[in-house]
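# here you go, sequence then predicted model.
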Amino acid sequence: MYAIVGPTGSGKTEAAIKLAHNLGRAALLSADSRQVYRGMDIGTAKQKDTGSTPQYLVDIREPDEPLTLAEWQQAAFAIIDRLIADGTTPPPERRACLLVGGTMLYIDSVVYNYAIPQVEPDEAMRAELEVQPVDKLYAELLKKDPAAKAFIQPQNKRRIIRALEVIAKTGRPFSESRRKREPKYDVQMLGLMPSWEELEKRLRTRAETMLTAGLVEETQRLINRFGSDLPLLQTLNYKQALEFMAGRKNKQETIEEMTRVNLRYARRQMSWWRGRKEITWSSSVQMLLEQLEDDGWVSRAAGLSHDLAD
RNA sequence: CCGGGGAUGGCAGAUCGGCUAUGCAGCGGACUGUAAAUCCGCGUAGGUAGGUUCGACUCCUACUCUCCGGA
């Protein structure tokens, strides 16, 4: 199993499709918190055509029923188990699994087998806590779970509330849930990151393409169906499309703005992965594939999937 | 040409005779059920030349530029 990570617009999906082709029998597992929603295609740069390679966890929800991390993780585990792990799948359906996407937390939840607290969001409780001052909430959190100080910042109300929610429902400190478990799968992590100049160029071109391809119309369709206060409309690219539609920005300004916010997001993604020893980085799709050949990973995996197919 | 207002970091925009404005952008970071979310840390200033003062971005003078009104 491979995980292909990299910032938005780096060409991860393209790399994954080529790699899947080289491997022979493989499937794509999308780790993307926005591509899971139907009708959000252009703005999320969804790749519908993956050739003969199946793609999972795309278009699995309507935009008005949000998917949570825990649900996504369970769905991912179920698919991976079916494809490669538990041996109950008849050989013809078995495939090497390529986990590909930019949602860092989603990737990690599978690769490191996060034990996500089985506590569903409690809207009533959240609303109640929301109106209280942060410092009070933070003090309460530290009293109940002193170790939380190491990873929750004093002003981060949303995460403080989540931590309090978990403590209230489980009676255990939130910090306990961060323990690492044994990984379920043997995952090879590959990173794809072109130069920043190259990435900026790609993102600008992609922004232009999105507008030409009908990003505005797609946004309008979402508004028509779900109303203009749909939270998902605050997503990258859709938010900028809304500004354009409201006449606050012209087309050129919108393209620049889209490029800028995508670059900012890419920076945050890179800051998540920077310094991870287990990721092998490449600066182009070509390099990534060559590196795999050189290290014998492809042939090994190809042999494996060949065995599986027998 | 006359009168009046302004000149502050990449941009916007406050305050103050000695003590971090702030926001956006930029750079770095955190992250276990909203994660394309949320949050934290860090640069870069005071048009030019003089003067007053222990000390000037802050007060005074001149100059330059600019905006508004009037010729």
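Perfect, I can see it now.
# A:Leu29 should be in a strand, yeah?
Yes: the assignment for A:Leu29 is a strand, going by DSSP: H, G, I helix; E, B strand; the rest coil.
# identify the residue spatially nearest to the most centrally placed residue in chain A, adjacent ones excluded.
The structure's chain A has its C-alpha centroid closest to A:Thr103; by CA atoms, centre = their mean the separation is 2.1 Å. Nearest residue to A:Thr103 in three dimensions, chain neighbours excluded: A:Ser33, at 4.4 Å (CB to CB, 6 or more residues apart in numbering). No exception for glycine: its C-beta is placed from N, CA and C like everyone else's.
# from RNA strand B, how far off is that neighbour?
A:Ser33 is 3 Å from RNA strand B, where distance means CB to the nearest atom of the strand, to the nearest Å.
# so that residue lies in a helix, does it not?
No: under three-state DSSP, A:Ser33 sits outside any helix and is assigned coil.
# that one: neighbour count?
21 (other CB atoms under 10 Å).
# pull the contacting residues for it.
Under the criterion of CB atoms under 8 Å, 6 or more residues apart in numbering, the neighbours of A:Ser33 are A:67, A:72, A:103, A:106.
# those residues: which two are farthest apart?
A:Leu67 and A:Thr103 (11.0 Å; CB to CB).
# restrict the contacts of A:Ser33 to contacts with RNA strand B.
A:67, A:103, A:106 (CB under 7 Å from any atom of the strand).
# of the residues you listed, which belong to helices?
Of the ones next to RNA strand B among the contacts of A:Ser33, the ones assigned to helices by DSSP state H are A:Tyr106.
# got TSV for the ones next to RNA strand B among the contacts of A:Ser33, with pLDDT too?
As requested, the ones next to RNA strand B among the contacts of A:Ser33 are exported to TSV (pLDDT from 0 to 100):
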residue	pLDDT
A:Leu67	93
A:Thr103	94
A:Tyr106	95
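# A:Val166 contacts A:Val119, doesn't it?
Yes: the pair A:Val166 and A:Val119 passes the contact test of CB atoms under 8 Å, sitting 4.9 Å apart.
# of those two, which one has the most company?
A:Val166 (21 against 16).
# any idea how far RNA strand B is from that one?
Distance from A:Val166 to RNA strand B, by CB to the nearest atom of the strand: 6 Å.
# tell me the contacts of that residue?
A:117, A:119, A:172, A:174, A:177.
# the second one and A:Ala163, how far apart?
This means A:Val119. Noted for A:Val119: a distance of 10 Å to A:Ala163, by CB to CB, to the nearest Å.
# from A:Glu217, how far off is A:Met258?
16 Å.
# nope, A:Leu203 is what I was after
The gap separating A:Leu203 from A:Glu217 is 21 Å, by CB to CB.
# of those two, which one has the most company?
The neighbour comparison of A:Leu203 against A:Glu217 (other CB under 10 Å) goes to A:Leu203, with 23 against 11.
# which residues are contacting the lengthiest helix in chain A?
Criterion DSSP H: the longest helix present in chain A is helix A:251-273. Helix A:251-273 has contacts (CB under 8 Å, 6+ apart) with A:5-10, A:102, A:104, A:191, A:193, A:196, A:199-200, A:203-204, A:206-208, A:210-211, A:236-237, A:239-241, A:243-244, A:249, A:279.
# kindly recompute the last result at 6 Å.
Identification of contacts with helix A:251-273 by CB atoms under 6 Å, 6 or more residues apart in numbering yields A:7-8, A:102, A:104, A:203-204, A:207-208, A:236-237, A:240, A:244.
# what's the answer for stretch A:278-289, then?
Residues outside stretch A:278-289 that contact it (CB under 6 Å, 6+ apart): A:11, A:14-15, A:189-194, A:291.
# dump that stretch to CSV, keeping only the CA atoms.
Presented in CSV, the C-alpha positions along stretch A:278-289 are these (Å, rounded to 0.1, in the frame of the first residue of the first chain):
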residue,chain,number,x,y,z
GLU,A,278,9.1,8.4,6.4
ILE,A,279,8.1,10.4,3.4
THR,A,280,10.2,10.1,0.2
TRP,A,281,9.9,13.3,-1.7
SER,A,282,10.0,13.9,-5.5
SER,A,283,9.7,17.1,-7.4
SER,A,284,7.8,15.7,-10.4
VAL,A,285,5.6,12.8,-11.4
GLN,A,286,8.3,11.5,-13.6
MET,A,287,10.9,11.5,-10.7
LEU,A,288,8.4,9.8,-8.4
LEU,A,289,7.9,7.0,-10.8
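# correct me, but A:Val134 touches A:Lys157?
Yes: between A:Val134 and A:Lys157 there is a contact under CB atoms under 6 Å: 5.0 Å.
# following the longest helix of chain A, which helix or strand comes up?
strand A:279-282 (DSSP states H and E).
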